Every structure is written in C-alpha cells, then in structure tokens.
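1. structure, please.
(2 chains)
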Amino acid sequence: MKEFFTKKSVASLIAFVALLCVFAAAAWTMSHAEREGTEWHSDWPVTVSVKDGVATPSQTINEFTIIKEGQYHLTLLGLPEGVKEASKVKTSDMGFVTTALLLDAAGEEVFGNTGTPLQGDISVGLKPGKYQMIFYYHTDKAAFMNFATEWLCGSRNVESWAREQHFEELQRNGSWTIHYEMSVYPDTFLDGYRIGILFGILIAACVCVILLCVVTKGNHLQSAKYDERQEMERGRGFRYAFAVSMMFIGGTLVCSMMGFLRPATEQTLVAFGLLIGITVYSSYCVLHEAYFPLNQKWLSFVVVTFFVGLINLAFVIFDIINGTLIVDGQLGDGSLNLGCAIMLLTIGSLSLFKYLANKRQALETEEEDEEME
Amino acid sequence: MKNLKLKSARAALDLSQQDLADKVGVSRQTINAIEKGDYNPTINLCRAICKVLGKTLDELFWEDE
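-> The predicted model follows:
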C-alpha cells in the first residue's frame, strides 16, 4: 500500500481528480445555465470579385432575431478559403477590406469591426427584435474613410483606422471566397461555464488537500525543507512584502481613481503590486538565506531564473521596437513582462551574489577555525 | 553577542559549520548566525547542537557573569 502512494502516483491521482472536478462542475453549470432566449450560429461562404477597383457584391446581409433582452456574446470570424488562422492572412493576399456592422431594427449600429481578415469576440447588450449583420467590401481608401467616419468612429480616429487597413497593399483584381462563422449566445451560458470552472477549481483544491492529508498522514511529500531560522525569516519577509504590496496597490489605485496619476490600467497596477510583493519577499529571503530550502541546489535555480528573466526581457524589447510598451501615455499589458524581467533578474542577481558571498564566508570561517585550533 | 563557546567546541571536534549544520539538520548560515549572535536558537535546536558536540546547554549557551 505504501509503495502504491509514491510521489508520482499521488501527483497523477490529484491531477486526475482535479481535472475531473473542473470538467464536472463546468458541465453541470453549463447545463443549468439559462439558455432561453436566442442562440444563433451560422457559417456561410461568400465569393467576392474585384475588377477595376469595384467589389461585387459590395455587401452581404445576414439576419437574426433576439427574443429576450440581455447580455449576449458575439463571435465573428471571416477567413479566406483554405486559411485556418487569421494571423496567416495579409492585406496583400486580398483585393478588399471587410467591414462588419451589426445594426438593430432601428438601423442603429450595435457593433462594428473591420480588417483583413475579420475577427471579433465581444459582449453586447441586445434588445428583442431583428438584427442585421452587414458585411461591406471596400477597395478604395477614400470611400472607406467616408464609411468609417459615418459608422465606425468619430472622424478623429478615422485616419488611424484607415492606416491599419493597408489599402495600398491590396491586390486590385481577383476573386476570393471568404468563409464566415458567426455565433450569438446569451452571456449566461458563458457565465455558467466560468462559474463551473471556478467551482471546479475550488472543489478540486479541497479534494486535493483532503487526499494529501489522507495519503501522506503528515509531511512525507513535502519536498522543500527549511530550518527554524529560515521559517522565521520567511514569515518576516512575507509581512514586509504584504505591507509593501498593499501600500503600492492602495496608493496607486487611489491616485488613479482621483486622476492624479494613471500610469497603467487598474488591473496592470494590481499585477505590478503583486510582482513588487513577490520581489520584496524573495529578495528579503535571499538576503537572509531563507529562500532556498536545505535540500535544493542554488545554481540550477539561478540559471533558470536568469533564463526566464531574459526571455521576459526579450518580450519587452519587442514591445519597445513595436511601440506597444506605452500606449496612449499608459503602460500596456506588455509592461508586465518588464515587471517579471526586473523581478526575476533581481532575484537571480541577489541569489548569485549571496551564493558567492556564502562561499567566501565559508572559507573565511574555516580559516578562523584553523587559527583557533 | 558572539557565541565563542559554540565556535570553539565545534572547532575542537574538527567540525566545519557545514558539518555541524548537516548533523543537526539546519543550514550552514543558521549555525553561522548562532555563532555570530545574530540568531537565538530554539531549545530544540540548542539540544540538538549540544548532543552533536557532546556538551551541556550550560556549557554552550549559558552566558558567563
């Protein structure tokens, strides 16, 4: 019996039970989610020909009806024939740019999107009534800008919209078949799925803890071993890290809400707060020789930390080159890579410094011991 | 305050800090911190150290007047 409960078998059992719990809970909540109202799924091909800068047809229309008012999820994908990923399509492959407009019964725009190819995934509030999804095929930049000014956004943004479409790269003549896929379904369905996943993880965590307690009857599977001084320092490090993290998150969120300072979105600021907390905790533990357990080698950790830190740094460099590190005066999502890189390189550098300092100290102590003898 | 008694008792047995740390199941830095007086060990760790060095608690951890 004892042989059966090896580390690997227990880990596999826990992973299996956790997955089972997540899928079971997701399936249960999805089946119980409110799905009355409307679900609309459709896929269809459209062949568009371009001759002398004129697209035929110039537009296509698809209609669907919503019975119950509520929040809906809308997904839309339009890919040229034979292409499976949107990222594989270039503007230069096509002779036109598509714009999708979702109009309500009164002809008001609910949702608009444009691009080559077309890809959308949004949540929209829909009222009962008929809706039209109209696809326009643009071949001319000036005409597109007029259309975009009227429908897609204010005139201020039209230039950037048009620039993103790369009209100058369009193939002028030819015939292309586009396969469209569109789904409209109540958000409650998705909420049910998310809640299911959340509950599944919660149940899985509880089951795992119970399993671990039953199987190990103690601490046999704990791989990291710390001595009493290390445990004490780790506790102290946690307190400092928690305080710094809370002060950062609280301070920046208050400044952000009051409009004094808004260096990034609130989600990014919270993530930065957590990264700062981890950095403080890890640095404190490394400096007080409480980061590495008694049974772990330092050097392998340092190598992995530097490696992952440098990968994050590479992402940051790509962001800087592409100009996406700072967007509209705010740090973009890629800035988290910068936070991770700083955190990992700080921990790696401190670990290396401590490793070398400890080696030197051990030699000095040995010399002192010899002198004492 | 430095614990020179512990240091000399360890050196007398020709044990390095790492050797003593391995025998009592702590890190070398913890032994170093005790010897330097930066850390006050629990009674359990004191007893473990005394057993390995063959000394009493008084001999290693009681401060002289």
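
2. low-confidence stretches in chain B?
-> Along chain B, the model assigns pLDDT under 70 to residues B:64-65.

3. C-alpha coordinates for the longest helix that it contains, CSV please?
-> If you go by DSSP state H, chain B has its longest helix at helix B:43-53. Extracted C-alpha coordinates of helix B:43-53, given in CSV (Å, rounded to 0.1, in the frame of the first residue of the first chain):
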residue,chain,number,x,y,z
ILE,B,43,15.6,24.9,22.8
ASN,B,44,15.2,22.0,20.4
LEU,B,45,18.0,23.2,18.2
CYS,B,46,20.2,24.0,21.2
ARG,B,47,19.7,20.4,22.5
ALA,B,48,20.5,19.0,19.0
ILE,B,49,23.7,21.0,18.9
CYS,B,50,24.7,20.0,22.4
LYS,B,51,24.1,16.3,21.6
VAL,B,52,26.3,16.5,18.5
LEU,B,53,29.1,18.5,20.3
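
4. buried sites along it?
-> If you call a residue buried by 16 or more other CB atoms under 10 Å in any protein chain shown, then helix B:43-53 has these buried ones: B:45-46, B:48-50, B:52-53. Placement of C-beta: from N, CA and C, glycine included.

5. what about it, distance to the chain center?
-> Taking CA atoms, centre = their mean, to the nearest Å, the mean C-alpha location of helix B:43-53 is offset from the chain mean by 7 Å.

6. any residue of the following helix or strand past it up close to chain A?
-> Downstream of helix B:43-53, the next assigned helix or strand under DSSP states H and E is helix B:57-61. No. Using CB under 8 Å from any CB of the partner chain, helix B:57-61 stays clear of chain A, coming no nearer than 15.1 Å.

7. buried stuff in helix B:57-61?
-> Neighbour-count burial for helix B:57-61 flags B:60-61 (criterion: 16+ other CB under 10 Å).

8. list the helices and strands it packs on?
-> Other elements packing on helix B:57-61 under the criterion 3 or more CB pairs under 8 Å, 6 or more residues apart in numbering or on different chains; DSSP states H and E are helix B:4-12, helix B:43-53.

9. relative to helix B:4-12, how tilted is the longest helix of chain B?
-> Calculated by axes from the mean of the first three to the mean of the last three CA atoms, to 10 degrees, helix B:43-53 forms an angle of 40 degrees with helix B:4-12.

10. what lies in contact with helix B:43-53?
-> A:227-228, B:6, B:9-10, B:13, B:15, B:20, B:23-26, B:34, B:41, B:56-57, B:59-61 (CB atoms under 8 Å, 6 or more residues apart in numbering or on different chains).

11. buried subset of these, written for PyMOL?
-> The buried subset of the contacts of helix B:43-53, as determined by 16+ other CB under 10 Å, is captured in PyMOL by this line:
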select buried, (chain A and resi 227) or (chain B and resi 6+9+10+15+20+24+26+34+41+60+61)
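
12. what helices and strands are in contact with the one helix or strand A:E181 maps to?
-> Using DSSP H and E, A:E181 falls within strand A:174-186. Counting contacts by 3+ CB pairs under 8 Å, 6+ apart, strand A:174-186 is packed against strand A:40-51, strand A:59-66, strand A:70-80.

13. and with 10 Å instead?
-> In terms of contacts (3 or more CB pairs under 10 Å, 6 or more residues apart in numbering or on different chains; DSSP states H and E), strand A:174-186 is packed against strand A:40-51, strand A:59-66, strand A:70-80, strand A:97-103, strand A:118-126, strand A:129-138.

14. wait, which of those strands is closest to A:D328?
-> Minimum separation from A:D328 across those (CB to CB) falls at strand A:118-126, 20.3 Å.

15. got the buried residues for that closest one?
-> Judged by neighbour count (16+ other CB under 10 Å), strand A:118-126 contains these buried residues: A:118, A:120, A:126.

16. of the residues you listed, closest to chain B?
-> Using CB to the nearest CB, A:G120 is the member of the buried residues of strand A:118-126 that lies nearest chain B, at 56.1 Å.

17. who's the nearest residue to that closest one once chain neighbours are set aside bridged to?
-> Computed as CB to CB, 6 or more residues apart in numbering or on different chains, the closest residue to A:G120 that is not its neighbour in sequence is A:L76, at 4.0 Å. For A:L76, the beta-bridge partners are A:G120, A:M182 (DSSP bridges).

18. low pLDDT regions in chain A?
-> A:1-11, A:25-38, A:153-159, A:188-194, A:196, A:215-223, A:373.

19. residues from it in reach of chain B?
-> Contact residues (CB under 10 Å from any CB of the partner chain) of chain A with chain B: A:225-230, A:232-233, A:288-290, A:292-294, A:354, A:358, A:361-362, A:365-366, A:368-373.

20. helices - which of those residues land there?
-> The helices, defined by DSSP H, take in A:228-230, A:232-233, A:354, A:358, A:361-362, A:365-366, A:368-372 from the residues of chain A next to chain B.

21. quick one: buried ones out of those residues?
-> A:229-230, A:233, A:354, A:358, A:362, A:365, A:369.

22. tell me which two of these sit farthest apart.
-> Spatial extent of those (CB to CB) is set by the pair A:E233 and A:D369 at 25.3 Å.

23. tell me which helix or strand A:Q296 sits in.
-> Judged by DSSP H and E, A:Q296 forms part of no helix or strand.

24. was I right to think it contacts A:K225?
-> Yes. Counting by CB atoms under 10 Å, A:K225 is a contact partner of A:Q296 at 8.8 Å.

25. quick check: phi and psi on the most centrally placed residue in chain A?
-> By CA atoms, centre = their mean, chain A has its centre lying nearest to A:D333, at 8.9 Å. Phi and psi for A:D333, reported as degrees, to the nearest 10, are phi -60, psi -30.

26. how about the residues of chain B by chain A?
-> Residues of chain B lying close to chain A (CB under 10 Å from any CB) are B:4, B:7-8, B:10-12, B:14-18, B:21-22, B:24-36, B:38-42, B:44-45.

27. just to revisit the earlier point, buried residues of the strand holding A:E181, list them for me.
-> By neighbour count on 16+ other CB under 10 Å, the buried set for strand A:174-186 is A:176, A:178-180, A:182-186.

28. repeat that for stretch A:251-259.
-> By 16+ other CB under 10 Å, the buried positions in stretch A:251-259 come out as A:252, A:256.

29. can you tell me what sits against it?
-> For stretch A:251-259, the surrounding residues in contact (CB atoms under 10 Å, 6 or more residues apart in numbering or on different chains) are A:260-266, A:268-270, A:272-273.

30. ok, 7 Å please
-> For stretch A:251-259, contacts defined as CB atoms under 7 Å, 6 or more residues apart in numbering or on different chains pick out A:261-262, A:266, A:269.

31. where does the closest residue to A:S282 other than its chain neighbours fall, secondary structure wise?
-> Distances taken as CB to CB, 6+ apart put A:I347 closest to A:S282, at 4.7 Å, once the chain neighbours are dropped. Using DSSP H and E, A:I347 maps to helix A:335-372.
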